[in-house]
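Undergrad: Kindly generate the corresponding structure for this input.
(2 chains)
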Amino acid sequence: MKAILALEDGRSFTGRAFGAEGETSGEVVFNTSMSGYQEILTDPSYAGQIVIMTSPHIGNYGTNPEDEESGRPYVEGFVAREFSGIASNWRSRESLDSYLKRHNIIALSEVDTRALVRHIRTRGALRGVISTIELDPDRLVERARHIRSMLGSDLASSVTCGSSYDWIKAAKGPDGKTFRVVAYDFGIKRNILNNLAGAGCKVTVVPAFTSAEDILAATPDGVFLSNGPGDPEPLEYAVKAVRSLLGRIPVFGICLGHQIMGLALGGKTFKLKFGHRGGNQPVKNLLTGRVEITAQNHGFAVDPDSLNQSDVELTHMNLNDQTLEGMRHRSLPAFSVQYHPEASPGPHDSHYLFTQFQQLMLECRK
Amino acid sequence: MPRRTDLRKILIIGSGPIIIGQACEFDYSGTQACKALRSEGFEVVLVNSNPATIMTDPDLAERTYIEPLTSESIAAIIDRERPDALLPTVGGQTGLNVSVELARSGVLDHYGVEMIGAKLHAVEVAEDRQLFKDAMTEIGLRSARSLVVKSLVDAKNFVGAIGLPAIIRPSFTLGGSGGGIAFNTEEFEAIVSRGLDVSPVHEVLVEESLLGWKEFELEVMRDFADNVVIICSIENFDPMGVHTGDSITVAPAQTLTDKEYQLMRDAAIRIIRKVGVETGGSNIQFAVHPEDGSLVVIEMNPRVSRSSALASKATGFPIAKIAAKLAVGYTLDEIPNDITLKTPASFEPTIDYVVAKIPRWNFEKFREADSTLGTQMKSVGEVMAIGRTFKEAVLKGLRSLERGKTLTSERVDPDNLMHNLLTPRPERLAYIHFALMSGHSVEELHRLTKIDPWFLNQLQEVVTLEKQVQQHSLDSLPADLLRECKRSGISDRALSELLKPSEAAPVTVAAVMNRRHNAGIRPVFKRVDTCAAEFESYTPYLYSTYEGECEADPSSKKKIVVLGSGPNRIGQGIEFDYCCCHASFALKEAGYETIMVNCNPETVSTDYDTSDRLYFEPLTFEDVMEIMEVEKPDGVIVQFGGQTPLNLALRLQAAGVPVIGTSPQSIDLAEDRKLFGQLLTELGIPQPQNGTARSKAEAREVAAQIGYPVLVRPSYVLGGRAMSIVYDQESLDHYMVTAVEASPERPVLIDRFLEDAFEYDVDAICDGDDLIIAGVMEHIEEAGIHSGDSTCVLPPIMIDLDLLERMKEYTHTLGKALHVVGLMNIQFAIQSGTVYVLEVNPRASRTVPYVSKATGVPLAKMAARVMAGEKLRDLGLVEELRVRHCFVKSPVFPFNKFPGVDSILGPEMRSTGEVMGVADSFGSAFAKAQISAGMRLPRGGTAFLSVNESDKMGLLPIARDFADLGFHIIATAGTRRFLLAQGLQAEHVFKVGEGRPHVVDHIKSGKIDIIINTPLGRQSRYDEKAIRRAAIQHGVACVTTLSGGAAVVNAIRTLRREKLTVRSLQEYHGALHESAARTP
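TA: Below you'll find the predicted structure:
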């Protein structure tokens, strides 16, 4: 079946429908990871986005229950050069086609994804519509122009949990010590929770709107700020909470959590032209000089010049475009990274950050 | 960390001659290393015995030594040059082994030379099976259960514990040579015995079989700051059991979830750290169980490898170049990515296409060899193809192989389908295709072949399309279906074979192409950019695909396209790639934009740095024409890439492509026996009586007229493919059946065979007006042995001056008559004072790099300039080139990989590579060449002599020389009788079958040091073969011609008299230029 992807700037790509039928819309972005499509599909940070995979063959190894990063796919639409007709992997339980249909995700294949990526690289992320129903590109372009812009969108509130819950995985640190951690869910990935558990954290996940007072009342050892979709700027409730938590309890943030921390520390965030999404981004740890290959998924970034660097130390930098990838407070127990040390998908080079969080909590206990 | 300042001069060791398992990829890596280190201001001293390499070009290093890659010879170089460091990791296993030897023997310590890149300990851990296994266990990784044994008894005890099948790998051999998979006890004992025999340390690893597991490779890089990145993942289409060099491989990995891939990545990082490779690239191989994902480490190469060359070409990330920079202290983040310019090398390339590598075998030249694919590598070359999908990549790869057949037209034997699916052989893909076409399911094929169902399903999708095409004639073929076929990589030629013929006329390729163009279905070109288009690419490294947007972005500059030589094969290898690179370098210097087209991932020509633009594409008419359409070049060079581009020349010209240099018509004329014969007659130049035949009857007639023996061969082949000396009508009839199969559309050429003649090669360069003789090479072996398999010497040492002059005169006459613009090679034979022309090739020949290195004049560069319109005079070439020293070129054979194949030389070329020996005297130069070629020249000991009746007189002086040199001579009855009659002492030895211990027993027990054994006649007898096989297995020098024997004795005398000295090409050439005062 035919399907069309139309972009707000008038360009459209006609290909073949895959997965569910219907119409969907979102900000069109690309991801350069060569593996891990199921983790990407289910990462809540992709809410509001149509994701193009640059890797041409997607679906080869099917899907399985263990590789989900949340309860369901969050992407609005999915695009690849070719989706596999069969699933070939011992872990696979369901083909990608059936999985997408079951979750009502509309996908598009047989388009020149490289041309599409080059277009986005040049123009920046664009709003777009995929449809299997409406096949008039002009009408679809018109619809794309009416999608809500990512800039200024609070999407975290739409993906956060309804009420708090304890993470199922038992805390099991390498040295047997355990910590009680409250994790803000702005769209949290399961592997972050698994990694926290692996660092000895008993995690309670709380909704994005939870106040600082409620958290402090529970007297945890640390607070974790999760990844999530959308623009950090409208999340004033979260920024406010973090601002009052800073200095009173160790805080660790990842991705959107890092941006919220940046705002709480008085910095500013801005929208990147087309973002960083993939598993090969080089990040330099400015404290050790080592390079980490990192998994990334963000469209916004913290402006380092907006931070008071006598309070905030820049700890990580992206070597491709010199954007800020990590920071820590010089005197308060707080640090954050823009990228994804929990990987999934992606390399495990930055796993040490979970240990670092554990160490920080340990120090603050003394 | 910035560049180290404590190093000034660095020694780089190359990999020597091209052999199976070690090909052009090390010229590519060595060349990159030389360039990278010199650009950082280091002085580079290079040593390699292979003159056909780009790395031995004298302008790539301060000092270039074409010397044997032995520890003695390299120690002598170290003594002269006093380098500060040695880079052991870019010269393959050869370079690494000799570096280890130098380190262990204390030479490096003695001269204070530091091994950079990989330290001795790291190399030892990676290379020693047991140390490696222990290291893996320490970091919690599983390796196959195995035991290193030094005896058959121990091997049998161990296999009792792990069971059969078992894998046997000899320690320290190339390409796993001498190893194998044993399915039963008998096989097990045979393979273990052979393995113990060929291992230089007499040990083999007996290993649990992982047959049928999925096989992967990761290319890993590490720097001094301990940053580690993975450059590329490679998945083998063929599961475990087939050597990765013989497997179709695919990048990136296709069937791993991210969870599995990251475990493998973590393992690779732990391994490179544990083994302790400080800086540079390593290749790590893994096996994954298809049903439970268990991960097993297979092995690690602590150096750049064939796979790293492939990974570099597959991703655009130049591993060897970066490795060289890391070795001198840079960290990955300090090195920019060449392609994006703005991002650093400290990242992991991501690719938005699929790369397929497909090996090429040459079993047709080794008919007695077992073509089953196993743990020992047997392929001689490979192609790489890039497509947006696996289907497109693999089908482009198949046509890049130039096998002259598509999957549809490939011959299969339906009665043996099951057997061919179960047992991997070169034709495997054709059998899978046939099975799918005849309705076998993917599941069934997976069960038989263990190939991952995903790959098989991709092939199934191709077959589904092909079946749809079969329903149509060209007229009824829907444009959508045609487009889908092209998107899936199906060639116009394959379509022409699939489509129904209309009105009994077959569909031509041209008609399909026309139809396609009329429907507006043409490929676009996309860029290889390391980053899946995330950043802008500044390097035009391109591949074709059927998509929407074209990124070729051609310029409007004056431009010339060089068509490369495709996959390595016997007869067409690195020499032609050398010529193509030189054409590109020269034309760039002359101000042209240069564009390279080639599909061989091992080569320097497919380095994106070599030409201004690189099209990594198959060299078929279809693919080349699409590039022409986009580039519209001012000139196209077809005469440097061997037969591959020549086969396209006439068609390209007919299609309006501006072929420059000698006209395709002239090239064709030289190949056309009749026309060329007429030309020679007109010019009054003698040639052996000859004729052509298109049928058995015609052949009989021609041969009877000429008189036996005759030399027969198909036209239009390189490397003497299917060339044979035929002594009677019966053999001729037999030949005609096989030869016609070898070349269906071309007639067979029949020449009078000149017995006892000597052969010469003359290379010349001509600008249409002037002709310069570049070199006259004398073959050591008498006529009847393919020129590519002969040892030859430049300048000639035995020729009469007037005959030499006559050859030169004929060369001038022929150059003018054929209007040669560019290079020309003529093969002459001299018999009883008559100079015969055997063949003229108005194109680059295999000897061009050798003559260039000998004369110090880069012939291919000069020829390229001439082809672009310049005159020899203006390039400073006004007189015949001279050489003042002695340059001997010797071939290197793959017989050690093919047990059972007779090593006797003949008119069909079988060598894979060559070496050069340089010295002031013939004896020294020949000795160096033999040592470089791997021959163990004894200083003394026992010589076994056995020659046929007509060679007995000729043997006499050789036997006398051996006796004079103090050798103990043993001979079989007939030869011994003759020697005794001539007053020479010789001990008797049994022939095989006469009694024991016979001669082969003596060879095996190490009692014979050198063998002179000429064949008894047209049919070699069994015991002769046994002698030669035993000699190869046990590394005993074995000479099969008398002239070769004489040269060997001469060399032995030299070795006893003097120590071989080393000297660089720059010094040789400096001496030359002082006298000739000619530097173009």
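
Undergrad: Tell me the residues on the stretch 51-200 of chain A that lie near chain B, please.
TA: Residues of the stretch 51-200 of chain A found near chain B (CB under 8 Å from any CB of the partner chain) are A:54-57, A:60-61, A:64, A:66-67, A:81-82, A:84-86, A:88-91, A:111-115, A:117-118, A:121. C-beta here means a position set from N, CA and C on the backbone, and glycine is covered the same way.

Undergrad: Which members of those residues occur in helices, if any?
TA: A:113-115, A:117-118, A:121 (DSSP state H).

Undergrad: pretty sure residue B:667 is in a helix, no?
TA: Yes. Remark: residue B:667 belongs to a helix, assigned using DSSP: H, G, I helix; E, B strand; the rest coil.

Undergrad: hmm, which two among the ones in helices among the residues of the stretch 51-200 of chain A next to chain B are most spread apart?
TA: Longest distance between any two of these is 12.2 Å, between A:113 and A:121; criterion CB to CB.

Undergrad: Report the beta-bridge partner residues of residue A:52.
TA: residue A:30, residue A:79 (DSSP bridges).

Undergrad: And it, how far from residue A:30?
TA: Remark: distance between residue A:52 and residue A:30 (CB to CB, to the nearest Å) = 4 Å.

Undergrad: what number of residues lie near residue 194?
TA: Chain wasn't specified; assuming chain A. Using other CB atoms under 10 Å in any protein chain shown as the criterion, residue A:194 is surrounded by 17 other residues.

Undergrad: Actually, chain B is the one I wanted.
TA: Burial measure for residue B:194: 19 neighbouring residues, criterion other CB under 10 Å.

Undergrad: Contacts only, for it.
TA: Shown in contact with residue B:194 (CB atoms under 8 Å, 6 or more residues apart in numbering or on different chains): B:178, B:180, B:899, B:1033.

Undergrad: Residue B:997 too?
TA: B:990, B:1005.

Undergrad: Just the pLDDT at residue 260, thanks.
TA: By default, I'm working from chain A. Looking at residue A:260, its pLDDT stands at 98.

Undergrad: try chain B instead
TA: 97.

Undergrad: which SSE is it in?
TA: Residue B:260 belongs to helix B:258-275 when assigned by DSSP states H and E.

Undergrad: and that helix, what does it pack onto?
TA: Judged by 3 or more CB pairs under 8 Å, 6 or more residues apart in numbering or on different chains; DSSP states H and E, helix B:258-275 is in contact with helix B:120-127, helix B:129-138, strand B:214-222, strand B:228-236, strand B:280-288, strand B:295-301.

Undergrad: Just list what whichever helix or strand comes after the shortest one packs against, helices and strands only.
TA: The reference is to strand B:295-301. Per DSSP H and E, the first helix or strand lying C-terminal to strand B:295-301 is helix B:306-315. When contacts are defined as 3+ CB pairs under 8 Å, 6+ apart, helix B:306-315 packs onto helix B:25-39, strand B:214-222, strand B:228-236, strand B:249-251, strand B:280-288, helix B:319-327, strand B:354-360, strand B:381-387.

Undergrad: which other residues reach helix B:306-315?
TA: Helix B:306-315 is touched from outside by B:21-23, B:25, B:28-29, B:217, B:219, B:231-232, B:234, B:244-245, B:249, B:251, B:281, B:283, B:301, B:317-320, B:349, B:351, B:355, B:357, B:382, B:384, B:386, B:528, B:530, B:601-602, B:606, B:616, with contacts defined as CB under 8 Å, 6+ apart.

Undergrad: Return the alpha-carbon coordinates of it using CSV.
TA: Output of helix B:306-315 as CSV, limited to C-alpha atoms (Å, rounded to 0.1, in the frame of the first residue of the first chain):
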residue,chain,number,x,y,z
ARG,B,306,42.3,-7.7,5.3
SER,B,307,39.1,-7.1,7.3
SER,B,308,40.4,-3.7,8.4
ALA,B,309,41.0,-2.7,4.8
LEU,B,310,37.5,-3.8,4.0
ALA,B,311,36.2,-1.9,7.0
SER,B,312,38.0,1.2,5.9
LYS,B,313,36.5,1.1,2.5
ALA,B,314,33.1,0.1,3.9
THR,B,315,32.9,3.0,6.2
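
Undergrad: For residue 6, which residues are in contact?
TA: All of this is about chain A. Counted by CB under 8 Å, 6+ apart, residue A:6 has contacts A:12, A:128-129, A:131, A:137, A:140-141, A:143-144.

Undergrad: not what I meant, chain B
TA: Residue B:6 makes contacts with residue B:84, as judged by CB under 8 Å, 6+ apart.

Undergrad: distance of it from residue B:329?
TA: Separation of residue B:6 from residue B:329 (CB to CB): 9 Å.

Undergrad: What of residue B:694?
TA: 66 Å.

Undergrad: if you count what's nearby, which of these two comes out ahead?
TA: A direct count of neighbours by other CB under 10 Å for residue B:694 and residue B:329 places residue B:329 higher, at 19 against 13.

Undergrad: Report the secondary structure state of residue B:75.
TA: Under three-state DSSP, residue B:75 comes out as helix.

Undergrad: before we move on, back to that, also near chain A: which of the contacts of helix B:306-315, exactly?
TA: Within the contacts of helix B:306-315, those near chain A by CB under 8 Å from any CB are B:349, B:351.

Undergrad: Residue 48: neighbouring residues, count only.
TA: Looking at chain A here, since you left the chain open. By the criterion of other CB under 10 Å, residue A:48 has 24 neighbours.

Undergrad: Hmm, no, I was thinking of chain B.
TA: Quick note: residue B:48 (other CB under 10 Å) scores 30 neighbours.

Undergrad: Show me the strands in the stretch 101-250 of chain A, by range?
TA: For the stretch 101-250 of chain A, applying DSSP state E, counting those that start in this stretch gives strands covering A:106-109, A:126-131, A:165-166, A:179-185, A:201-207, A:222-225.

Undergrad: Can you give me every residue that contacts residue A:4?
TA: Per CB under 8 Å, 6+ apart, neighbours of residue A:4: A:12-15, A:108, A:130-131, A:134-135, A:137, A:140.

Undergrad: now do residue B:532
TA: With contact taken as CB under 8 Å, 6+ apart, residue B:532 is in contact with A:30, A:32, A:54-55, A:114, A:117, A:278, B:350-352.

Undergrad: Next one: it, what pLDDT does it get?
TA: pLDDT, residue B:532: 97.

Undergrad: Give me the residue ranges of chain B where confidence is low.
TA: B:1, B:172-177, B:200, B:716-720, B:739-745, B:1016-1022, B:1071-1080 (pLDDT under 70).
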